[in-house]
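Asks: Let me see the structure of the following:
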Amino acid sequence: MENLLSKINNPTDLRKLPENQLPQLAKELRDFIIDIVSKKEGHLGASLGVVELTIALHYVFNTPEDLLVWDVGHQAYGHKILTERRDIFHTNRELNGISGFPKRSESIYDTFGVGHSSTSISAALGMALASQLKGEVDKQHIAVIGDASIASGMAFEGLNHAGVTDANLLVILNDNAIGIDPSIGALKDYLTAVKEGKNPKQNNIIKSLNFDYSGPIDGHDLPKLISELERLKSVKGPKFLHVITTKGKGLQLAEEDQVKYHAPGKFDAETGKIHPKDESHLPPKFQDVFGHTLVELAKQNEKIIGITPAMPTGSSMTYMMEAFPKRAFDVGIAEQHAVTLAAGMATQGMVVFCNIYSTFLQRAYDQVIHDVALQNLPVIFCLDRAGLVGEDGATHHGVFDIAYLNCIPNMIIAAPKDEIELRNIMFTASEGLNHPIAIRYPRGRGENLNWEQPFEKMEIGKIRELQKGNKVAVLSTGTIGDNVTKVLTEVENSALFSHYHFPFIKPLDIDAVKSIINSHDHIITIEDGVITGGFGEQICAIIATNNLNKSIINLGIPDSFIEHGTVFELQQLCKIDVNHLKQLFNTYSDV
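Replies: A predicted model of the protein is given here:
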């Protein structure tokens with residue numbers, strides 16, 4: 001049988017195929033995705049679930065003139081392959097390769113850069129209203145959003161506005177009842193009832209918002225999809241198509257375990273079996289240290305609560321949910337709600353651990369300031385995936401948290417060096433701080449096998465001296481300090497260097513910092529976060545304010561968005577890896 005996908009370079013080629021050949025193309029596209037992702041890793045299940053929908057959209061609509069927006073972008077692999085990136089798809093998520101998410105600078109078919117959820121409706125509506133103003137009356141604007149993402153407040157804001165416009169907007173709900181973890185909430189229950197035919201037509205939420213609603217239809221039935229999309233092209237005003245799909249469609253194990261196969265790592269393309277890893281000899285992931293420690297603390301204190309916005313598996317909040325199901329809450333993709341929910345619980349004396357990925361806490365910044373810090377409520381923010389996260393790239397790096405939290409009064413910022421310190425900071429926070437605290441820790445594994453040590457209370461703001469020298473003081477915060485430790489065991493002039501670890505970025509012990517500065521000729525700061533507004537600039541401010549007149553070098557993330565690659569490669573780009581530090585430290589041999 002002739003291979004069709006190899007001849008499809010763009011949607012123009014796709015539209016030349018007769019409709020009866022599209023099921024064959026769907027199988028080839030699905031196999032292509034499975035083959036590449038099985039070797040290269042990436043987000044699998046979401047893209048497999050929308051293969052037919054992707055083909056139908058590009059077949060019916062005149063992309064890129066018609067504007068197609070994918071929410072989040074986990075599901076956009078098929079889109080990328082059909083839009084001039086088939087032959088480079090194997091570089092997906094690699095350094096200098098294509099991004100794992102839609103990206104405007106990468107392709108004219110990527111109309112809006114995504115990576116965080118629930119933005120598609122607002123973006124597509126903005127495009128549609130702009131087209132109206134420009135007189136482009138025939139241009140189509142399509143937003144594809146999942147059932148987990150549409151439950152977010154921002155998606156509802158977009159729907160609310162669109163419903164009082166006559167914009168040429170089509171919202172497609174890709175309903176598979178799962179995001180990364182299973183969808184939750186009343187809206188999910190409503191959509192399930194709609195799928196099962198239980199809700200009367202007059203009780204349709206979407207129709208009540210003035211959308212022309214159609215569906216639900218089978219998202220794997222290409223003729224039905226194409227017929228309905230063709231019909232909707234001529235319908236004026238805001239439209240809503242409810243499509244039912246199966247995440248992981250076409251790979252049996254991915255259909256059966258949709259959470260694991262969201263991003264399964266390397267696996268056998270034929271069977272779907274994930275290649276086994278012997279991890280028994282490895283240190284734990286920081287997320288698991290958090291999860292197990294939270295359960296340990298919750299056993300000792302019945303007031304401890306866990307909250308996460310749609311990331312129970314990724315954050316290991318699942319351990320708390322299994323051990324104490326009534327004291328752990330997955331609130332869905334709703335970071336703002338998660339923060340203010342935590343604040344409300346804190347007013348009633350609960351000890352609330354609110355676990356949010358560093359990059360996603362950005363979405364609840366106002367709530368952190370007004371609902372938590374302004375009221376000085378002791379919410380414990382656990383910022384998973386802080387620092388460089390690797391292949392997910394610029395939308396997911398947690399490099400801004402130090403800078404954006406540093407300016408907030410009442411906020412304590414902690415950055416443990418290892419798993420043991422993470423446990424101890426969590427324990428210290430649970431004992432009562434009378435202030436909010438943000439504990440930042442990285443994606444990936446720590447360094448210690450023997451990490452389950454008895455809890456020790458930590459002194460807020462205290463600096464740890466890891467090595468004593470007399471010429472150069474290296475000031476590090478968080479796990480990036482491991483790179484400094486490794487270098488100091490290798491360089492010949494190690495005795496010149498002092499190494500100080502700052503478990504707490506805020507508050508700083510100003511007198512202790514001044515003493516360190518005064519007792520050394522040169523200062524180097526290093527952090528796994530942006531330099532602008534970060535830890536190093538705080539040290540610069542102390543030097544300037546106190547007229548200490550010492551040379552200082554700030555190392556960290558430069559003032560630019562860092563793209564995708566391995567963490568090691570990205571550390572090299574930012575010159576905070578072991579080799580660059582070694583080169584820098586060797587320049588001090590004659591001080």
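Asks: For residue 413, give me its contacts.
Replies: 401-402, 405-406, 437-438, 440, 504-506 (C-beta atoms under 8 Å, 6 or more residues apart in numbering). (Each C-beta comes from the backbone N, C-alpha and C, glycine too.)
Asks: Any chance of the backbone angles for it?
Replies: Phi and psi for residue 413, reported as degrees, to the nearest 10, are phi -120, psi 120.
Asks: tell me the pLDDT at it?
Replies: Note on residue 413: pLDDT of 98.
Asks: Ok, the one 10 residues further on next?
Replies: Residue 423 is assigned a pLDDT of 98 by the prediction.
Asks: Near it, how many other residues are there?
Replies: 24 (other C-beta atoms under 10 Å).
Asks: Ramachandran coordinates for it?
Replies: phi -60, psi -40.
Asks: quick revisit: mind putting the contacts of residue 413 into JSON lines with distance to residue 448 and secondary structure?
Replies: Putting those into JSON lines (distance: C-beta to C-beta, whole Å; DSSP: H, G, I helix; E, B strand; the rest coil) gives the following:
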{"residue": "401", "distance to residue 448": "24", "secondary structure": "helix"}
{"residue": "402", "distance to residue 448": "24", "secondary structure": "helix"}
{"residue": "405", "distance to residue 448": "26", "secondary structure": "helix"}
{"residue": "406", "distance to residue 448": "28", "secondary structure": "helix"}
{"residue": "437", "distance to residue 448": "23", "secondary structure": "strand"}
{"residue": "438", "distance to residue 448": "23", "secondary structure": "strand"}
{"residue": "440", "distance to residue 448": "18", "secondary structure": "strand"}
{"residue": "504", "distance to residue 448": "20", "secondary structure": "strand"}
{"residue": "505", "distance to residue 448": "22", "secondary structure": "strand"}
{"residue": "506", "distance to residue 448": "26", "secondary structure": "strand"}
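Asks: Who wins on neighbours among those?
Replies: For these, the largest number of neighbours (other C-beta under 10 Å) sits with residue 402, at 33 neighbours.
Asks: looking at it, it is touching residue 527, isn't it?
Replies: Yes. Counting by C-beta atoms under 8 Å, residue 402 does reach residue 527; the two are 6.6 Å apart.
Asks: anything in contact with each of the two?
Replies: Taking C-beta under 8 Å, 6+ apart as the criterion, residue 402 and residue 527 both touch 415, 477, 534-535.
Asks: Now rank those residues by neighbours and give me the top one.
Replies: Compared across the shared contacts of residue 402 and residue 527, residue 415 has the highest neighbour count, 32 neighbours, by other C-beta under 10 Å.
Asks: so who does the closest residue to that residue other than its chain neighbours touch?
Replies: Spatial nearest neighbour of residue 415, chain neighbours left out: residue 478 (3.5 Å); criterion: C-beta to C-beta, 6 or more residues apart in numbering. By C-beta under 8 Å, 6+ apart, the residues touching residue 478 are 386-387, 415-417, 440-442, 527-528.
Asks: Of those residues, which is the nearest to residue 16?
Replies: residue 387 (47.2 Å; C-beta to C-beta).
Asks: For the shared contacts of residue 402 and residue 527, give me TSV that also has distance to residue 144.
Replies: Output for those, formatted as TSV (distance: C-beta to C-beta, whole Å):
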residue	distance to residue 144
415	38
477	41
534	37
535	40
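Asks: Just the ones of those residues in helices?
Replies: When DSSP state H defines the helices, the subset of the shared contacts of residue 402 and residue 527 inside them is residue 535.
Asks: And for residue 349, the neighbour number?
Replies: The burial count for residue 349: 8, using other C-beta under 10 Å.
Asks: In the chain, what helix or strand scores lowest on average pLDDT?
Replies: For the chain, counting by mean pLDDT, DSSP states H and E, helix 186-195 ranks last in confidence among helices and strands (a mean of 84).
Asks: list the helices and strands the following helix or strand past that one packs on?
Replies: As assigned by DSSP states H and E, the chain's next helix or strand after helix 186-195 is helix 205-208. For helix 205-208, not one helix or strand is in contact under the criterion 3 or more C-beta pairs under 8 Å, 6 or more residues apart in numbering; DSSP states H and E.
Asks: and the gap between residue 132 and residue 123?
Replies: Relative to residue 123, residue 132 is positioned 15 Å away (C-beta to C-beta, to the nearest Å).
Asks: These two: which is more packed in?
Replies: Neighbour totals were compared for residue 132 and residue 123, and residue 123 leads with 19 against 15 (other C-beta under 10 Å).
Asks: So what does the nearest residue to the more buried one once chain neighbours are set aside look like in phi/psi?
Replies: Spatial nearest neighbour of residue 123, chain neighbours left out: residue 112 (4.6 Å); criterion: C-beta to C-beta, 6+ apart. Note on residue 112: its backbone torsions stand at phi -150, psi 130 [degrees, to the nearest 10].
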